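Asker: give me coordinates for this.
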Amino acid sequence: MVTILAIDDKQDNLITISALIKNAMPTCRVITALTGVDGMAKAVSEQPDTILLDISMPGMDGFEVCKRLKSDPTTDPIPIIMVTAMKTDAKSRIRGMELGADAFVSKPIDQGELIAQIKVMLRIKAAEDQLRMEKGNLEIQVLDKTEELRITERKLQAFMESATDGFVILNSENVILKMNHSAMKLFAINAGEIIGQSVGQLIPNWSDSGFIDKLETIRKTGYPLYIDDIAFHIEGDELFVCVKIFRVEDGIGIIITDITKHKRAEQKICVLNEELENRVVERTRQLELANRELKDFAYIVSHDLKAPLRAVNQLATWIVRDYANVLDTTGKEQLNLLINRVQRMGSLINGILQYSRAGRVNENPREVNLHKLLSNIIQALSAPASIQIKIENNLPAVFIDQTRIEQLFQNLISNSIKFMDKPDGLIHIACDENSEYWQFSVADNGPGIAEKHFERIFQLFSTLQSRDDMESTGIGLTVVKKIVDIYGGKIWVESELGKGTTFYFTLPKTLAISEVAASDSNA
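Answerer: This next block holds a predicted model:
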């Protein structure tokens, strides 16, 4: 009965490997080990026919396990198939081969590839066992040099043919001795056309840039060489490869990885990026034009609307004043209502202009002492004596446009003052520092806001009370949110009806202006 030892630190992987082997080889016996130490002990005691060894394991990884197994005469003859992370992991394969690994499979494990490799290793081991039996002495520790070379050649050939990368072996004169199927397919040649030829015939431009000198340096020093992005043409098609070159006794081994698909993908990405950049430039130009038109429109609307509003307001005021003795109570109430509506319309126009300017003012960042700024804002707002405004802790100095940050805090604090319904009003302003941003809060003990309105209050023209009950444009919090958005921050509200409201907002310490704001400010 054939015995396979699977070593992997993950139980799920061992279950999967066992199932794959049992499904294809029902009579095969599979034993498992979760650690390298346990795996080496079972290799000695069970003497399996083949070992499946995962490279990535904590503590003792697969490379160390392979090294120790191959240094032990009792386990050295056992073929080892190493499990790598991906098919193109040439570095791991080379290191494993140097430590004595016989073959490789890649994750996720393909059943067909796994079974094919196991069968190849079983044939190799059977051949090795037969050789030892023919010698008639199981205690022989060193094979005859000819037989050893033959076995090594078979192992190398099996490894080369199982690899998806191209493999080429050169002799001491840089003549091609061996080439696997993947390499022949890549270069569109067969073995008869290239074996015995100089390596310069494989890729002509390899002979340039001192490539032959580099081969001699590798032979002398033993240090491998990695060459990225070699371009050449095969039958009119442009191909790209990366190459790993290393010493093999007196010769040279070359691993060739086809990266043509990746290079073509990169080229397509470059073209797409260029097209995208052109589109961005055009859209930016269109946005700048639209911003200029919007700005002009806002000022035109402001001028054309404010002038007649002022006239109506003045006329109504004159009527109330000059005809006070003629008008009855109802007439006076109607005229006062007209004056209030005109003033509300004027406030609404000013609010719209304020909102439109929030993202278009020329950015003039400078260091602003927020503690000092808040003190000035509080003094300017002149809150009623019944409302106490308190700054909880020292606020930071930030690098920001002073007009915007002043407008932000002024709108939040004036909101708390305007809607305060308690005889003893309290407003608290605080700041907490994070590694990436500052978090500010403006809290009051006012009427509070129902949770269903949390999103609505930041929408343009949105008010929670009738404008006849509480004069408000519904723009102040919208301006606050726009300013916070410009600086890449976040704003949210926490509130409970009857107990008060807290507005939180963050400002990144980098205070990077968003692309939209930057383009607006250039308009």
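Asker: what distance do you get for residue 188 to residue 487?
Answerer: 59 Å (Cβ to Cβ, to the nearest Å). All C-beta atoms are positioned from the backbone trio N, CA, C, and that covers glycine.
Asker: tell me which of these two has more neighbours.
Answerer: residue 487 (23 against 11; other Cβ atoms under 10 Å).
Asker: that one against residue 510, yeah?
Answerer: No - taking contacts as Cβ atoms under 8 Å, residue 487 lies outside contact range of residue 510: 9.3 Å.
Asker: export stretch 442-461 to PDB, keeping only CA atoms.
Answerer: Provided in PDB are the C-alpha atoms of stretch 442-461 (Å, rounded to 0.1, in the frame of the first residue of the first chain):
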ATOM      1  CA  VAL A 442     -21.500  72.200  20.200                       C
ATOM      2  CA  ALA A 443     -24.000  71.000  22.800                       C
ATOM      3  CA  ASP A 444     -27.100  72.700  24.300                       C
ATOM      4  CA  ASN A 445     -29.900  71.900  26.700                       C
ATOM      5  CA  GLY A 446     -32.600  73.200  24.400                       C
ATOM      6  CA  PRO A 447     -35.700  71.500  23.000                       C
ATOM      7  CA  GLY A 448     -33.900  68.600  21.200                       C
ATOM      8  CA  ILE A 449     -34.600  67.100  17.800                       C
ATOM      9  CA  ALA A 450     -36.500  63.900  17.000                       C
ATOM     10  CA  GLU A 451     -34.300  61.200  15.500                       C
ATOM     11  CA  LYS A 452     -36.400  61.000  12.400                       C
ATOM     12  CA  HIS A 453     -35.300  64.500  11.500                       C
ATOM     13  CA  PHE A 454     -31.500  64.000  12.000                       C
ATOM     14  CA  GLU A 455     -30.800  63.800   8.200                       C
ATOM     15  CA  ARG A 456     -33.400  66.300   7.200                       C
ATOM     16  CA  ILE A 457     -32.000  69.200   9.200                       C
ATOM     17  CA  PHE A 458     -28.900  69.400   6.900                       C
ATOM     18  CA  GLN A 459     -31.000  69.700   3.800                       C
ATOM     19  CA  LEU A 460     -31.400  73.100   2.100                       C
ATOM     20  CA  PHE A 461     -34.400  75.200   3.200                       C
END
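Asker: hmm, who's touching it?
Answerer: For stretch 442-461, the surrounding residues in contact (Cβ atoms under 8 Å, 6 or more residues apart in numbering) are 355, 409, 412-413, 416, 419-422, 425-430, 462, 464, 473-475, 477-478, 480-481, 491-493, 495-503.
Asker: from those, which would you call buried?
Answerer: Buried by 16 or more other Cβ atoms under 10 Å: 355, 409, 412-413, 416, 419-420, 425-430, 473-475, 477-478, 480-481, 491, 493, 495, 500-503, out of the contacts of stretch 442-461.
Asker: just the residues you listed: which are in strands?
Answerer: Among these, the members falling in strands (DSSP state E) are 425-430, 491, 493, 495, 500-503.
Asker: can you pull out the strands in the stretch 151-300 of the chain?
Answerer: Taking DSSP state E, counting those that start in this stretch as the test, the strands found in the stretch 151-300 of the chain are 166-170, 176-179, 225-234, 237-248, 251-258.
Asker: now do the fourth one, average pLDDT.
Answerer: Averaged across strand 237-248, the pLDDT comes to 82.
Asker: now it against strand 166-170, angle please.
Answerer: 50 degrees (axes from the mean of the first three to the mean of the last three Cα atoms, to 10 degrees).
Asker: buried ones in strand 237-248?
Answerer: For strand 237-248, by 16+ other Cβ under 10 Å, it's 239, 240, 241, 242, 243, 244, 245, 246, 247.
Asker: pLDDT below threshold where in the stretch 251-400 of the chain?
Answerer: 290-307, 309, 340-363 (pLDDT under 70).
Asker: the strands of the stretch 151-300 of the chain: which one's closest to residue 16?
Answerer: strand 251-258 (27.4 Å; Cβ to Cβ).
Asker: and the closest one, what other elements does it pack with?
Answerer: Here strand 251-258 touches helix 90-99, strand 166-170, helix 181-187, helix 211-221, strand 237-248, going by 3 or more Cβ pairs under 8 Å, 6 or more residues apart in numbering; DSSP states H and E.
Asker: check which helices and strands the first one sits against.
Answerer: Which is helix 90-99. By 3+ Cβ pairs under 8 Å, 6+ apart, helix 90-99 packs against helix 62-71, strand 80-84, strand 237-248, strand 251-258.
Asker: that helix: what's the following helix or strand?
Answerer: Downstream of helix 90-99, the next assigned helix or strand under DSSP states H and E is strand 103-106.
Asker: quick one: strands adjacent to that following strand?
Answerer: strand 80-84 (parallel) (DSSP bridges).
Asker: buried set for the strand it pairs with?
Answerer: 80, 81, 82, 83, 84.
Asker: what does the average pLDDT come to for it?
Answerer: On average, strand 80-84 scores 89.
Asker: can I get that strand in PDB, CA atoms only?
Answerer: Taking Å, rounded to 0.1, in the frame of the first residue of the first chain, the C-alpha atoms of strand 80-84 are listed here in PDB:
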ATOM      1  CA  ILE A  80       9.200  15.700  -1.200                       C
ATOM      2  CA  ILE A  81       6.600  17.700  -3.000                       C
ATOM      3  CA  MET A  82       6.500  21.300  -1.700                       C
ATOM      4  CA  VAL A  83       3.300  23.300  -1.700                       C
ATOM      5  CA  THR A  84       3.900  27.000  -2.800                       C
END
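Asker: got the angle between it and helix 62-71?
Answerer: Using the same axes, to 10 degrees: strand 80-84 against helix 62-71 is 170 degrees.
Asker: so what touches strand 80-84?
Answerer: 8, 50-55, 62, 66, 69-70, 92-93, 96, 100-107, 109, 117-118, 121.
Asker: with stretch 490-498 instead?
Answerer: For stretch 490-498, with Cβ under 8 Å, 6+ apart as the criterion, the contacting residues are 447-451, 454, 457-458, 480-481, 484, 501-506.
Asker: re earlier: residue 396: which of the buried residues of strand 80-84 is nearest?
Answerer: Using Cβ to Cβ, these come closest to residue 396 at residue 84, 51.7 Å.
Asker: show me what the closest one bridges to in the sheet.
Answerer: Under DSSP bridges, the residues paired with residue 84 across the bridge are residue 106.
Asker: residue 79 against residue 103, yeah?
Answerer: Yes - here residue 79 reaches residue 103: they are 7.2 Å apart, a contact under Cβ under 8 Å.
Asker: what do the two both touch?
Answerer: With Cβ under 8 Å, 6+ apart as the test, residue 79 and residue 103 both reach residue 121.
Asker: give me the more crowded residue out of the two.
Answerer: Set residue 79 next to residue 103 and count neighbours by other Cβ under 10 Å: residue 103 wins out with 26 against 23.
Asker: how near is residue 288 to residue 485?
Answerer: 19 Å.
Asker: can you pull the contacts of the closest residue to residue 36 other than its chain neighbours?
Answerer: Of all residues not flanking residue 36 in the chain, residue 60 sits nearest, at 3.6 Å (Cβ to Cβ, 6 or more residues apart in numbering). Contacts of residue 60 were listed using Cβ under 8 Å, 6+ apart, and they are 35, 36, 37.
Asker: with that, I have no additional questions.
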